[in-house]
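Visitor: Need the 3D shape of this:
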Amino acid sequence: MGPRAGALACPGLILFTWLTAHCSHPQAKGFSQEGLDASRADLWASANTSFLQDFWCQPASQLSRDQLSALIRRMASQQMLLKAWQLSCLANLAARHGLQGDFLLHPPNLLLFYNLGKIRGADCRAFIRRAAQGDTELLANLPDQRATLQRSALACLGVPHLRLSTSDLLLLGVLVCDMDASTIVTSDPHVLQNLQRCPRLTPAQKAALNTLLASGRTMLGPPICWNLEGLQALGLLATYISSSLWMQVQEAVGLDFFGSMVAACRAGRLSQRDARRFVTSFLEAKAKSMSSRPKRDAGRPCVQGHITAATLQDDLFLVHYDCSQLESCLGSLVLRANLNPLLQHPLPSECQRVIKAKLARIYPNGVPEEQLRLITSLIYLYSHLEISQWNITSKDTVRDLLASDVALENQTEAILQKFLDHRGNITSTLLEAIGGSRLCWMSPQQIQAIQPSEFRQARALDISSCPQSRKDVLYSKAREAFSNARTTASYYHLIRPYLGGAPMEELQHLAQTNVSMDIHTFTNLNPQVLQSLSVHNVTTLLGQNVGDLQKARSHPTISSWLRSLNRSALGELGLDMDPASPTGLVPSTTGTHNDPWTSHPAATSGRPENDAPTAGHPGARLGLLTGHLHSGF
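Guide: Residues are numbered from 1 along each chain as shown. Below is the predicted model:
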């Protein structure tokens, strides 16, 4: 892994190749000790979006305080969406330079990773308000940081709150998504606006939402008074409404809303998954209401009339034709000619099975390739044997079949195998289209068939969700592809996404080269390999990011490793053992449960750490302005 010849063909890495050649740690093999000259460092501060998206902390660690500050502010102004591994180490760089005090000028997502113990109490509301604009899903690998953030936000309100007021909800923003169901039910009805920002609701939160809606305390009033505009204002929350509530809604209002949701789905403005959740609940309510009415023409196979191309253009198609009527009224010729408009409707799973059975009768030797690209929503229903009858010759067909995120493990492997059997090859473009999670479901033989050159040209792929056996195979393939990188720094930047399959020897070597591994990569290492690493190996491997162990100490991989250490070793890491704690560790000491905010002034740009921002400081002015702008919900 020394500085051997070899070009890096990955798009977007040209700047990083230069940076790693000129700014890497002087103790690492093959590194230049020249550092980063100011004129070249300015490239990042003025770089376009594509370069900033590929931000990497190791070269950035050589930037001066002013350069790093300018870079972070530029990321905020361009609303740059960095990944968790980038944000965690960037937060540590900002803390090292005392830049946390300028949080009002920093990206909200970055604030989620800041050390809350370094934010002074007087700034807690302004800090939480801005951090609450971020995406807390980025903290998936930092469970303790996520819990501390929520605890700190509630402490910032002053006293324990059983009922969150409108102003409380304004402050908490997306942090409400981590609140328990009882808090949602008792909070001000404006909590709906917070819940709209949640990527998903837990079953308990869904039940709490329906309890709140049923109470009539929200802007919609009781279900009998709901109207189209109010339902549309709910956004995705409407997809969680229970069938029991839909039964209370006026039929005309419900049908109008149903039509608008299906229209949004068919136009691509609403995902099939979200639309199907709504449709299933709504139709369940309709079926319950119809069960008490006398059935007409029950003896006729097709009661509603034969389905035509015009029928399928009706957004209320699924209201008129349940799955039984779909079976009876849909002819083979209409299905064959109108498969695409039919599958644009968010069909319930029972109806999807009806369509699959009809297709099997139309195409007994397997669905032809020109039709395969239309049935992506049905892929999960097909067995390995059924897929073996297909003819897949185009990489576009593979991309479409797998891009829907519906195919399961056996379908993914089978689809790729049919493509490979027809002399297809997995290119870098196809690798990116398949996505990192799909690589988890490729067979080891299929992974080995990928040419190293194609692996080098593909963008970094996230394989963190893969089982360990696949991580091991993918690491071997990545090492083969990247082993002739010019420098160890370049090699690490390329191999980082695949280190979950790295053996102990690789990690020990990287520790010696001061790569400063981010905590997210660290949590995805092989747990068995991690158990074999010493405290010294881990501290040198993490480098300036070692403090992040505190933020992730409850993560299963880290918790298991920490439990294997004695009190002395934990002390070296700045952690203490507590036999009563579920993790065996004393909770974070960055702040108390009641008041996690420090009383010392926060560091601000251009100031020593013990200087508080004055009223004329930009952070103070923006804090006052934010308070005025958000005085109402």
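Visitor: Tell me, how many residues neighbour residue 422?
Guide: 11 (other Cβ atoms under 10 Å). Heads up, the C-betas are built off the backbone N, CA and C, glycines and all.
Visitor: What residues does the residue lying closest to it once chain neighbours are set aside make contact with?
Guide: Nearest residue to residue 422, sequence neighbours excluded (Cβ to Cβ, 6 or more residues apart in numbering): residue 393, at 4.8 Å. Neighbour list for residue 393: 369, 419, 422, 424 [criterion: Cβ atoms under 8 Å, 6 or more residues apart in numbering].
Visitor: For the one helix or strand the second one maps to, list every residue counted as buried.
Guide: What that stands for is residue 419. Element membership for residue 419 (DSSP states H and E) is helix 409-421. Residues 411-420 are the ones in helix 409-421 that count as buried (16 or more other Cβ atoms under 10 Å).
Visitor: now do stretch 102-113
Guide: So, applying 16+ other Cβ under 10 Å, buried residues of stretch 102-113: 102-113.
Visitor: mind checking the SS state of the residue nearest to residue 422?
Guide: Three-state assignment for residue 393 (DSSP: H, G, I helix; E, B strand; the rest coil): coil.
Visitor: Next one: it from residue 443, what distance?
Guide: 20 Å (Cβ to Cβ, to the nearest Å).
Visitor: try residue 562
Guide: Relative to residue 443, and taking Cβ to Cβ, residue 562 is found at 35 Å.
Visitor: For these two, indicate the residue with more neighbours.
Guide: A direct count of neighbours by other Cβ under 10 Å for residue 562 and residue 443 places residue 562 higher, at 21 against 16.
Visitor: What pLDDT does the model give the residue nearest to residue 422?
Guide: At residue 393, the model reports a pLDDT of 93.
Visitor: same deal with residue 157?
Guide: 86.
Visitor: for residue 31, same thing?
Guide: pLDDT recorded at residue 31 is 30.
Visitor: mind checking the SS state of the nearest residue to residue 60 once chain neighbours are set aside?
Guide: In space, and not counting its chain neighbours, residue 60 is closest to residue 93: 6.2 Å by Cβ to Cβ, 6+ apart. State at residue 93, reduced to three classes by three-state DSSP: helix.
Visitor: Distance of residue 93 relative to residue 138?
Guide: 17 Å.
Visitor: Equivalent analysis for residue 322, please.
Guide: 42 Å.
Visitor: Settle it for me: which of these two has more neighbours?
Guide: residue 138 (23 against 17).
Visitor: returning to that earlier point: from the buried residues of helix 409-421, pick the one nearest residue 384.
Guide: For those, the closest approach to residue 384 (Cβ to Cβ) belongs to residue 414, at 4.7 Å.
Visitor: wait, doesn't the closest one sit right on residue 379?
Guide: No. With contact defined as Cβ atoms under 8 Å, residue 414 and residue 379 do not form a contacting pair (10.1 Å).
Visitor: mind giving me the domain ranges of this protein?
Guide: 42-158, 219-290, 301-362, 502-575 (the TED database).
Visitor: So which of these is nearest residue 450?
Guide: Closest among the domains of the chain, using Cβ to Cβ: domain 502-575, at 18.5 Å.
Visitor: Tell me the gap between the closest one and the middle of its chain.
Guide: How far domain 502-575 lies from its chain's middle: 24 Å, per Cα atoms, centre = their mean, to the nearest Å.
Visitor: neighbouring contacts of stretch 332-339?
Guide: Counting by Cβ under 8 Å, 6+ apart, 306-309, 312, 342, 355, 358-359, 361-362, 371, 374-375 sit against stretch 332-339.
Visitor: what about 10 Å?
Guide: Stretch 332-339 has contacts (Cβ atoms under 10 Å, 6 or more residues apart in numbering) with 306-313, 326, 330-331, 342, 355, 358-359, 361-363, 367, 371, 374-375, 378.
Visitor: Residue 472 contacts residue 500, correct?
Guide: Yes. Between residue 472 and residue 500 there is a contact under Cβ atoms under 10 Å: 8.5 Å.
Visitor: I would like the residues contacting the helix or strand containing residue 447, please.
Guide: If you go by DSSP H and E, residue 447 is part of helix 444-448. Contact with helix 444-448 is made by 412-413, 416-417, 419-420, 426, 439, 442, 455, 469-470, 472-474, 476-477, 480, as judged by Cβ under 10 Å, 6+ apart.
Visitor: go again using 8 Å as the cut-off
Guide: With Cβ under 8 Å, 6+ apart, helix 444-448 has contacts from 413, 416-417, 420, 426, 439, 469-470, 473-474, 477.
Visitor: who's more crowded, residue 472 and residue 500?
Guide: Neighbour comparison, residue 472 and residue 500: the larger count goes to residue 500, with 24 against 17 (by other Cβ under 10 Å).
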